[in-house]
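> Predicted model and sequence below, questions to follow.
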Amino acid sequence: MIETLTKEKEKQYLLKQEVYKLFINNCNNIKEFSLGTNYPLFQYSGASTFFSQLCHLEIDLESVTSTILFSMGQICQYIETLIINIYNGDVSGLINLIDVQKNLRKLYLDLRYRNITNQCIGLSEVIERKAATLIYLKIKRCFIPFSPKFLPSLINLQYLEIKNGYETNESTEWQEWKKYLSIASFPNLQFLRTSYFPCYEDYMLIENSHGNLLEININRACEYQDPTYNKKLIKAIAKNCPRIETLIIDVVPKNLDGIKEIFLNCRQLKKITFISNNYVHICDELLEIIAKFSSETFYEFFSIDWNYSVNGLQSFFENWRGRIPLKFFYYNRRKDFWTGQHTMVVKKYREEGVII
């Protein structure tokens, strides 16, 4: 039985090799590739031609060894986009692969570290060395020992996304993030997305963006929202984002005066999503601010966990009549604050073309 299984595995291995060989030798001008195997693909005769033309590469390090990545670095040196799932901290082959790239523009790191206790300095340093060409950086699950010392070097960055999947308390590592966030400057940044920062200094990214941001998406569990931080965030947007077109943030209802300032100062704003921790109070004032102070180009409003009276909602839509039809979306986890009357009002104004 064991002998039969062994022979079957050998057959499968040989078959896979033949398939890989056929693929590499006969496919030309491949620009995108996903690597998730330790088969010696680089030993095939057509490997040099096949891999040297790659522009977009995705790597899953759970299945790819450092040796394979060193081999790839000898052939692939003009990759523009790297997407990497990382499990075990600094990997020398990966660092080398990133280092040899001559025009790396986009880097996406999904840090799935397991029981890592030492900071991954090598990965941080190689990002710093690629700062001249990097315009896009996305880091997922970064709340582990990963040094942010590269942040001040990313002066050409246009897109920055740093996210986590859940609320995380501040840790020793995040004291260092605070330090580098405070000194980083992003004069070319246009798109900023953060999720569940354990430190409340992400508003400094906005202050240091030199007024070029077009989109902000900051997601922090609203039930944990600090009103003082929220006020600073709203003030930073109103003061530093004259060109912003899309805004997605949590808002504490007591900071509605700051929302008014955003609409007054950010005249290119077209789309907003406001998320609230409000489960009790009626906030018709928010609707009044949008109707009165939004620009003529504004056309999309997504409301999450805000409560409005039926009369307030109807008055808002009446005030909107004659403007660009408003894309209106509403969601509230507290179903008792959205009645059948609310639904009828929305239906009426959709039928009349005031909202869509």
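Okay, I see it.

> Counting by contacts, list what the longest helix seen in the chain packs against.
Counting residues, the longest helix found in the chain (DSSP state H) is helix 2-26. With contacts taken as 3 or more Cβ pairs under 8 Å, 6 or more residues apart in numbering; DSSP states H and E, helix 2-26 sits against helix 47-52. No exception for glycine: its C-beta is placed from N, CA and C like everyone else's.

> Just grab the bridge partners of residue 304 for me.
residue 275, residue 331 (DSSP bridges).

> residues contacting it?
When contacts are counted by Cβ atoms under 8 Å, 6 or more residues apart in numbering, residue 304 touches 273, 274, 275, 276, 331, 332.

> Need the contact partners of the next helix or strand after the longest helix of the chain.
Following helix 2-26 in sequence order, the next helix or strand is strand 32-35 (DSSP states H and E). With contact meaning Cβ under 8 Å, 6+ apart, strand 32-35 is reached by 51, 54, 55, 56, 57, 58, 59, 60, 64, 68, 72.

> So which of those residues are in strands?
56, 57, 58, 59, 60 (DSSP state E).

> what's in contact with the longest helix of the chain?
Contacts of helix 2-26 (Cβ under 8 Å, 6+ apart): 39, 41, 44, 45, 46, 47, 50.

> Ramachandran angles for the fifth one?
This points to residue 46. phi -90, psi 10 (degrees, to the nearest 10).

> got it, and the third one?
Its backbone dihedrals place residue 44 at phi -70, psi 150, with angles given as degrees, to the nearest 10.

> Need the pLDDT of residue 116.
Per-residue pLDDT puts residue 116 at 59.

> next one: stretch 306-313 to chain centre, how far?
Centroid separation for stretch 306-313 versus its chain: 32 Å, with Cα atoms, centre = their mean, to the nearest Å.

> An error on my part: the question was meant for stretch 98-118.
Worked out by Cα atoms, centre = their mean, stretch 98-118 lies 15 Å from the chain centre.

> Could you do stretch 184-200 as well?
Offset of stretch 184-200 from its chain centre (Cα atoms, centre = their mean): 10 Å.

> ok, which stretches of the stretch 251-356 of the chain are strands?
Here the stretch 251-356 of the chain has its strands, by DSSP state E, counting those that start in this stretch, at 271-276, 300-304, 327-331.

> In PyMOL, how would I select the buried members of the ones in strands among the contacts of strand 32-35?
In PyMOL syntax, the buried subset of those is picked out as below (16 or more other Cβ atoms under 10 Å):
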select buried, resi 57+59+60
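
> Quick check: the two most widely separated of the ones in strands among the contacts of strand 32-35?
Of all pairs drawn from the ones in strands among the contacts of strand 32-35, the one with the longest distance (Cβ to Cβ) is 56 and 60, at 14.7 Å.
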